[in-house]
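A.B. asks: show me the folded form of this:
(6 chains)
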Amino acid sequence: MSDVIAEIRKDYIYGLAKRQERADGRALDEYRPIQVETALIEKAEGSARVKIGNTQVLVGIKLQPGEPFLDSPDMGVIITNVELVPLASPTFEPGPPNENAIELARVVDRGVRESGAIDLSQLTLPDGKVWLVFIDVHVLDHDGNLMDASALGALAALLTAKTPAERYGYGPDAPLPIKEYPVAVTAVDLDGEIMLDPSLDEEMIASSRITVISGAQGALAGMQKAGTGTLSSEEISRIVKLATSKATQIRDDVLGGLING
Amino acid sequence: MSDVIAEIRKDYIYGLAKRQERADGRALDEYRPIQVETALIEKAEGSARVKIGNTQVLVGIKLQPGEPFLDSPDMGVIITNVELVPLASPTFEPGPPNENAIELARVVDRGVRESGAIDLSQLTLPDGKVWLVFIDVHVLDHDGNLMDASALGALAALLTAKTPAERYGYGPDAPLPIKEYPVAVTAVDLDGEIMLDPSLDEEMIASSRITVISGAQGALAGMQKAGTGTLSSEEISRIVKLATSKATQIRDDVLGGLING
Amino acid sequence: MSDVIAEIRKDYIYGLAKRQERADGRALDEYRPIQVETALIEKAEGSARVKIGNTQVLVGIKLQPGEPFLDSPDMGVIITNVELVPLASPTFEPGPPNENAIELARVVDRGVRESGAIDLSQLTLPDGKVWLVFIDVHVLDHDGNLMDASALGALAALLTAKTPAERYGYGPDAPLPIKEYPVAVTAVDLDGEIMLDPSLDEEMIASSRITVISGAQGALAGMQKAGTGTLSSEEISRIVKLATSKATQIRDDVLGGLING
Amino acid sequence: MEFIKNGKRIDKRLPNELRPIKFEVGALERADGSCYVEHGGNKVMAAVYGPRAVHPRHMQEANRAIIRYRYNMASFSVEERRRPGPDRRSIEISKVSREAIDPVIIKEFYPRSTIDVFVEILQADAGTRSAGINAASVALADAGVPMRGLIASCAVGKVDDTVVLDLVKEEDNFGQADMPVAMDVRTGEISLLQMDGHFTLEEFEEALQLGKEGCTTIAEMQREALVQKYQGEGHE
Amino acid sequence: MEFIKNGKRIDKRLPNELRPIKFEVGALERADGSCYVEHGGNKVMAAVYGPRAVHPRHMQEANRAIIRYRYNMASFSVEERRRPGPDRRSIEISKVSREAIDPVIIKEFYPRSTIDVFVEILQADAGTRSAGINAASVALADAGVPMRGLIASCAVGKVDDTVVLDLVKEEDNFGQADMPVAMDVRTGEISLLQMDGHFTLEEFEEALQLGKEGCTTIAEMQREALVQKYQGEGHE
Amino acid sequence: MEFIKNGKRIDKRLPNELRPIKFEVGALERADGSCYVEHGGNKVMAAVYGPRAVHPRHMQEANRAIIRYRYNMASFSVEERRRPGPDRRSIEISKVSREAIDPVIIKEFYPRSTIDVFVEILQADAGTRSAGINAASVALADAGVPMRGLIASCAVGKVDDTVVLDLVKEEDNFGQADMPVAMDVRTGEISLLQMDGHFTLEEFEEALQLGKEGCTTIAEMQREALVQKYQGEGHE
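C.D. replies: As a prediction, this is how the structure comes out:
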């Protein structure tokens, strides 16, 4: 997309925003259709494919016995990685994770970790080892809002994961001890208009973006602002309220079956 | 070499091939002179320098006690590496092995491993460790057909290698348990004319190249096609037959002394 | 600095040298003011900031229990690293240490090690481990003669360092067993005129530079010539004599308090 | 380990039978062309970008497009989690796969540009390089890259002294030989050939023919998948 | 662990009290601008180089300067020696810090150039990214980079169910929430916001206001430090 | 460990005696110039390519050639296999070796180009950097690179309080001092000087003179090797 076209596209999207509209016809606080499929990868201990509109990520959970951190010998370990493989976007390049992939991985990781989604104290093993929980996010198609798709994929995959205890001689396989259901909701601000679930176009022209991760009781578990713009505290407060309520809706609509199943 | 000269050179070599001739006067199935010298590197457990025409490689074998692979606790371990050091060719660059060096190393490695050249089950040590067999190929002069030179160097070096058992307190040094003698023969196809032991020029203009590794009984132990051309199954069959018979000849002529010594 | 200006600057400095003068008014064998402050970094086991004129380095010493080298099981281990962080000079770039940083680190390391500055045999621990002594040089401002500043900082930081024995359960903290006080003196030769403590300008135009490290008794512990020039043995001898006597002076003036304190 | 019992293999197939294969053309939105393949237990996604500009300019070729091919395994695609990023095996596979698809691409149409093929192994169960080449070939067609034909690939091997088509993991790990081949479907010529293990000359001949038959069958599926996607769509 | 006793925190501060902060403008000679900051136990040096030429030309922007920001910890800055070089944490912090200072820099003045900000953490005691941003902001001003205003930053958190300003290490490690913020001092708008832990919506609102107050206080110190350096110096 | 007994060293040499040295000029075909050296237990191959174009253009110098020098040890060159690729030691040695040969090369003849020197240590037994420099110097001459003269190099050291020439491994590892030097043979000036260990000023003076004598002897062998190769060959 050349710069001139980009400029025209930008004006168009800002123009729509002023009229509370979006290029794909959604309401400002409306998500694109969300699809979650689980257990697609039999070789992984848990897996989920999440589509939000044309955005598509595949998350695999692998579990293996390993050493705990020195300062928390009685806790399992979470390791989160995001691969922005070049298959998913013309702008992604092969190579080690860049700052965007690292930020994505660390925000997803903190969302799971800081919300207490997994009861890590239950992941110890009789021989002093603990379960290492690898959350690997493989981005397949990037059409905006990778953050929400990745976080949702991580949670869905964790919800269906089982410890491979038998394979390692630790007794029967068991589901992971999931205690909280953190859901990420990302917003952009276009001239004061707040839009949830930004498409790639919206994401690219918005000068800042905020992801708000909240738990089942509506409390905040994580936040991350990205982009070179600024936001007033009023805008932030509005986004936070909107995000927590939307998170509840997504949790119920999309993950309900997994959580209560 | 500029593109124009390359084009002229190409026409010349193809023209010769049509008349069953080669630029250096060899017959199509004739190798350049092969020289093998062993035990040049006293600090290595085994070593061999192989010259095929102007192509020159030095192979060193190092042995050290180490951990076996988890899925084969009773087997020694082979680790093969090829260094295309920039001393050997104006086109080689410093840095970690590129795809050509990796392909070379992996084909040599599979030739040794899959032919059963070393009886790995005899490389266990009393304390649960096994011998790690490092095959390091150092290319010194690249004038084509590195594959055959590297494979031949690896075998010759292995044939003269001794375990440094005494140094590590495992009793007397002993030769390696060599059970098979895989020899690689590489061919290129120029407009239907099959040439063995391609020189650098021939290698560069041929659109595909096949290496065939065969054992003392004439059975195939490995094959690798390289290059962006295609070959008919008839051509492949012809090459395979030619290669296995040439391998026998090389084994007898060049390695006879080492094998029977 | 463009090439033309550089050329003029070069002529100017050479012209001064011919008259036994320097751009900043110093005598040829005179150092810029040296300042040493220690124990600035409480989290480090030892630390020192050294300023030589506008050149500024910060050295931190960290100690931790670890494995000795296989061939010297009864000796502590010294690991020296120099970071030429891009904050310190417009010519420094982010990334792993380049050849200049590596040379600096290795010369500082050899100065400490080969002079016997630390009695490594006293750094063993009851459980078979030894103290690993990390000497980390963080260059903050580069205005020439990083070698002397780094070596001086390393020694000053070692002189104030204490083993964190208590933290690791090895009894009370103790100062390091310092036995020798190696001081580095660097000289450049400009058309036969020897200048000590070269400023950045002098360092850049001199074709060669020598660092001489000597101990408290005036014996040589290390030397390193850098640069693409040559030096006659007479020049080298003059530099070596000058350097050892200047080292004594620096040791007394700058480190006296630390050594006798 | 007994691999063949009453003429049937451990997954009940005949020696010359392929595993179930499914192609999904255009599985991705952003890529210029894409294809998802399930081949037995393998799950593979291929995407094609290009022809597009080559970035480090010295990589450009004056009179043709260059082809780049990246075979990559997801961390969770195998039993033991693998560290992300290329290893020696995937670098070799990327090379031979690139050389396997290269012969059918008409590179002269796009000087100074690149055609990038990305293959992600989402789940691995022996034969991933072949599944990747099959997916890549269809993705190239889906991207509209001008080609002289399709490339199809499968492996042949030997278990219990029998030449068999399309190995599963156990046959690959504990069998006697493994030989992946790729074929230019139009001409029947071979564009990829690797082999390791033990073949007599006769077994090799048998294996090569069996491999070509396997490729022919797969090529038919590739063509059908493409037709299915584009049937009903008008021509430009 | 009890964090608040008689209304005082473990280091005797009130919940809304900052640690002692000291700015030293122009602490380095070679850099175009620099600032050394001590903030509680944090010791941080920032340097600015530029506007200057961008080296890999494809990184240039035709109509504005690019900003690069490198947050780096010295090996000896933390209890356990850390290996030199960037890790994932420092790469993330470099990104959010760059985005935090970007809004106030007038980049249009210097097309095709770069403004490089280097922050070295010499000693770390919670809140290093904020200390780094505070130092960087002053170093940018010291370098004469045209800015619309200063950026100030501090963290807010929660310990013993109380919202507190400017966490120390123990509060950060064992507390209930941590939220670094950065603010454009002129407009009061937020340019950096991260949070992890547990906040109710009410606590979050309280924390955000407390953070803004902290930033306002720090901004005053930044301005004073700059004035002190430049007072007495004539205008060009 | 007793190093000197009845005036003889552990390998029966006198203190001022070099180990046996053998030069083979033009040992490689592809390189523009090459030289194989055996020096005691050291086996070293040097190759020179150039003057040739410099690839990353920003490395070019407008009015002279640049010199690049890569010292590299083969994995099997030492007792314990070493991992391939440069380590800190070889990076330092590459730097000082490059600086050692640089002074005699007439770089002004070849602006914007590079002269590349590659030294491979095939077997190591103390003094590899000197053996490499000696080989490189001859390889440069063999490549026809215009030079003002040859560079010769050897090490001097101290064992049993005696200054000795050309240390072997044991003397290097367990002796009291090690000092490699390189000399411009034409002028007697020193182009490489490193030292570690313990020397009094008097010992240093003695060592420096002994080193120069060693270099002079080696230079004679270099010259002979070159003459032998080129005698009988006509001039172009």
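A.B. asks: what about the residue in chain D positioned nearest to chain A, how many residues nearby?
C.D. replies: Distance from chain A to each residue of chain D (Cβ to the nearest Cβ) is smallest for residue D:76, at 2.6 Å. Yep, even glycine has a C-beta here, placed from its N, CA and C like the rest. Here the number of neighbours of residue D:76 (other Cβ atoms under 10 Å in any protein chain shown) works out to 26.
A.B. asks: residue A:172: how many residues sit nearby?
C.D. replies: With other Cβ under 10 Å as criterion, residue A:172 counts 8.
A.B. asks: pull the distance from stretch D:149-168 to the chain's centre.
C.D. replies: Distance of stretch D:149-168 from its chain centroid, counting by Cα atoms, centre = their mean, to the nearest Å, is 12 Å.
A.B. asks: now residue 95: which helix or strand?
C.D. replies: The chain I'm using is chain A. Taking DSSP states H and E as the definition, one finds residue A:95 inside no helix or strand.
A.B. asks: think we crossed wires, I meant chain D
C.D. replies: Using DSSP H and E, residue D:95 sits within helix D:88-101.
A.B. asks: do that helix and chain F meet?
C.D. replies: No: if you take Cβ under 8 Å from any Cβ of the partner chain as the test, helix D:88-101 misses chain F, and the best it gets is 12.8 Å.
A.B. asks: quick one, phi/psi of residue D:9?
C.D. replies: Note on residue D:9: backbone dihedrals following degrees, to the nearest 10 are phi -90, psi 180.
A.B. asks: what ranges do the helices span in chain D?
C.D. replies: Counting by DSSP state H, chain D has helices at residues D:88-101, D:128-142, D:169-174, D:201-230.
A.B. asks: and the helix holding residue D:95, what's buried?
C.D. replies: Residues D:88, D:90-101 are the ones in helix D:88-101 that count as buried (16 or more other Cβ atoms under 10 Å in any protein chain shown).
A.B. asks: swap in stretch D:208-227?
C.D. replies: Within stretch D:208-227, the residues scored as buried using 16+ other Cβ under 10 Å are D:208, D:210-215, D:217-219, D:221-223, D:225-226.
A.B. asks: not counting sequence-adjacent ones, nearest residue to the residue of chain D closest to chain A?
C.D. replies: Closest residue to residue D:76 apart from its sequence neighbours, by Cβ to Cβ, 6 or more residues apart in numbering or on different chains: residue A:60 at 2.6 Å.
A.B. asks: I'd say that neighbour and residue A:156 touch.
C.D. replies: No: Residue A:60 is beyond contact range of residue A:156, at 11.5 Å (criterion: Cβ atoms under 8 Å).
A.B. asks: residues in contact with residue D:80?
C.D. replies: residue A:64 (Cβ atoms under 8 Å, 6 or more residues apart in numbering or on different chains).
A.B. asks: pass me the low-pLDDT residue ranges in chain D, would you?
C.D. replies: Scanning chain D with the threshold set as pLDDT under 70 gives D:232-236.
A.B. asks: tell me the SS of residue A:159?
C.D. replies: Here residue A:159 is helix, with the state taken from DSSP: H, G, I helix; E, B strand; the rest coil.
A.B. asks: before we move on, back to that, could the buried residues of helix D:88-101 be laid out in JSON lines, adding distance to chain C?
C.D. replies: What follows is the buried residues of helix D:88-101, written out as JSON lines (distance: Cβ to the nearest Cβ, whole Å):
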{"residue": "D:88", "distance to chain C": "22"}
{"residue": "D:90", "distance to chain C": "25"}
{"residue": "D:91", "distance to chain C": "22"}
{"residue": "D:92", "distance to chain C": "27"}
{"residue": "D:93", "distance to chain C": "29"}
{"residue": "D:94", "distance to chain C": "26"}
{"residue": "D:95", "distance to chain C": "28"}
{"residue": "D:96", "distance to chain C": "32"}
{"residue": "D:97", "distance to chain C": "32"}
{"residue": "D:98", "distance to chain C": "30"}
{"residue": "D:99", "distance to chain C": "34"}
{"residue": "D:100", "distance to chain C": "37"}
{"residue": "D:101", "distance to chain C": "36"}
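A.B. asks: which residues in the chain form strands?
C.D. replies: Because you didn't say which chain, this covers chain A. A:34-38, A:46-52, A:55-66, A:77-83, A:130-141, A:183-190, A:193-196, A:209-214, A:220-226 (DSSP state E).
A.B. asks: actually, chain D is the one I wanted.
C.D. replies: According to DSSP E, the strands that chain D contains are D:4-5, D:8-9, D:21-25, D:33-39, D:42-53, D:66-73, D:113-123, D:151-159, D:162-165, D:177-184, D:189-199.
A.B. asks: would CSV of those strands with distance to residue A:89 be doable?
C.D. replies: Output for the strands of chain D, formatted as CSV (distance: least, Cβ to Cβ, whole Å):
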stretch, distance to residue A:89
strand D:4-5, 46
strand D:8-9, 41
strand D:21-25, 20
strand D:33-39, 12
strand D:42-53, 9
strand D:66-73, 14
strand D:113-123, 11
strand D:151-159, 26
strand D:162-165, 37
strand D:177-184, 28
strand D:189-199, 29
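A.B. asks: residue numbers of the stretch 1-150 of chain A in contact with chain D?
C.D. replies: Residues of the stretch 1-150 of chain A lying near chain D by Cβ under 8 Å from any Cβ: A:40-44, A:47, A:54, A:56, A:58, A:60-62, A:64, A:81, A:83, A:85-90, A:94, A:96-97, A:134, A:136, A:138, A:140-143.
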